[in-house]
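Student: Build me a structure from this.
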Amino acid sequence: MFGILVALLSGTRGALIAAPVLGFVSLAFALARAPARHRGVTLLVAGVVAVLSAILLFIAAKAGLTRALDGFSVTQDVIAGGAVDKSTEERLTMLRGGYQAFLRAPLFGYGWLDMVPAILPYVPESEVERMMTFRQLHNGLLSFAVGAGIPGIISFLILSVAPVIAVLRTARDALFVSRLYLAVTLCVAYAVFQLTIIMIGFEFHTVQYAFMTMVILGFVRVPAVATAPAQSARGKAPVGPETASTA
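Tutor: Numbering: from 1, shown residues only. Got it, this is the predicted structure:
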C-alpha cells in the first residue's frame, strides 16, 4: 500500500506497473508458507489488500495523479499496437534500433560508451538528434546486448539472479524463506523496472542492488549462539585455550 502511494506521488509509470507483479510474489510465498487450513484466510487478506489498493488508485486518479496510472494503459496500447505517447515511442525506437544493432555485432557488441551511436543507422533520421541525448537504451538487457554482445547478455542474466543464487547457498535456518522472499522480490522488481530503464549498469542502482543483497545475506539470519567462556575451578577468571588444554 505504501509502496503504491510512493509510486503514485513519484509519477513513475514503471514503478507502479511492478506493484501487481510484486503482489503476486508476496501472495505466492504467503500461500506456500501458510498451513493448508489457513490458506483461505491468506487469500481473503490478499483480496482486502487488492480492494484497498484499487480504492487508493481511484482516489489518486480523482486527485490528478494520473501519470503513474498511465503506465497500464500505455502497456495495453503497446501490446495492441495502438498509438502511444512520445516517451513510449522513443523507447520503442531504441528497442527496434538496438535489436538491429545487436544482430550486426552479436559477439562482443559495440562497447558501453558506443551503445547509443550504434543504433543510429537503424532509427528514423528525425529521431537521431533525440537519441544522442541518451547514455543508454532504456532497457537493461538491450543495453548489455548492444554494449557487450552475447557475453553482456550472459553477464546481465547472471547478475539478475545473483541474489537468489546467493541465498540458495546459505544455511536452511529459520529465516531462510525470509531471505529467499526478499531476494526474489529484489530480482523481480529490478527485472520489471529494467523493461523501460537501465538499473544494473547505472551507478546508483547497481550499488543499491549490491548493498541490498549484502543486507539480505548479512542481517536476515539467525544470530549465532554465543558460548560462555569456561571458568577456572575458583570461578574467578575464564580459562584460556592453553589452560583448558593442559587441565
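Student: If you count contacts, what does the lengthiest helix in the chain end up packed against?
Tutor: Ranked by residue count, the top helix of the chain under DSSP state H comes out as helix 140-168. Here helix 140-168 touches helix 86-104, helix 115-119, helix 176-193, helix 203-219, going by 3 or more CB pairs under 8 Å, 6 or more residues apart in numbering; DSSP states H and E. Quick note: C-beta positions are derived from backbone N, CA and C, even for glycine.
Student: Find the centremost residue of the chain, please.
Tutor: Of all residues in the chain, the one closest to the mean position by CA atoms, centre = their mean is residue 190, 2.0 Å from it.
Student: Does the closest residue to that one other than its chain neighbours lie in a helix or a strand, and which?
Tutor: Nearest non-adjacent residue to residue 190, counting by CB to CB, 6 or more residues apart in numbering: residue 199, 5.0 Å away. Counting by DSSP states H and E, there is no helix or strand that carries residue 199.
Student: can you list the weak-confidence ranges in this structure?
Tutor: 1-3, 6-11, 13-14, 65-85, 226-247 (pLDDT under 70).
Student: domains of it?
Tutor: Domain segmentation of the chain under automatic domain parsing yields 1-83, 85-222.
Student: Just say which of those domains is most tucked in.
Tutor: When you average the neighbours per residue for each of the domains of the chain (mean count of other CB atoms under 10 Å), domain 85-222 leads with a mean of 17.
Student: one step back: let's have the helices and strands packed on helix 140-168 in CSV, adding distance to residue 132.
Tutor: Shown next, in CSV, are the helices and strands packed on helix 140-168 (distance: least, CB to CB, whole Å):
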stretch, distance to residue 132
helix 86-104, 12
helix 115-119, 7
helix 176-193, 24
helix 203-219, 21
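Student: out of the ones you listed, nearest to residue 4?
Tutor: helix 176-193 (13.4 Å; CB to CB).
Student: residues in contact with that closest one?
Tutor: Here helix 176-193 makes contact (CB atoms under 8 Å, 6 or more residues apart in numbering) with 14-15, 17-18, 21-22, 25-26, 29, 33, 140, 160-161, 163-164, 166-168, 170, 199-200, 205, 209, 212-213, 216-217, 220-221.
Student: Likewise for stretch 101-110?
Tutor: Contacts of stretch 101-110 (CB under 8 Å, 6+ apart): 115, 117-119, 121-122, 142, 145-152.
Student: what about it, distance to the chain center?
Tutor: On the basis of CA atoms, centre = their mean, to the nearest Å, stretch 101-110 sits 26 Å off its chain's mean C-alpha point.
Student: Restricting to C-alpha, output it in PDB.
Tutor: Extracted C-alpha coordinates of stretch 101-110, given in PDB (Å, rounded to 0.1, in the frame of the first residue of the first chain):
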ATOM      1  CA  ALA A 101      22.400  -3.200 -34.000                       C
ATOM      2  CA  PHE A 102      22.800  -6.300 -31.900                       C
ATOM      3  CA  LEU A 103      22.200  -8.600 -34.900                       C
ATOM      4  CA  ARG A 104      25.200  -6.800 -36.700                       C
ATOM      5  CA  ALA A 105      27.600  -7.300 -33.800                       C
ATOM      6  CA  PRO A 106      26.400 -10.200 -31.600                       C
ATOM      7  CA  LEU A 107      29.700 -11.500 -30.300                       C
ATOM      8  CA  PHE A 108      31.200  -8.500 -28.400                       C
ATOM      9  CA  GLY A 109      28.900  -5.600 -29.100                       C
ATOM     10  CA  TYR A 110      30.000  -2.000 -29.600                       C
END
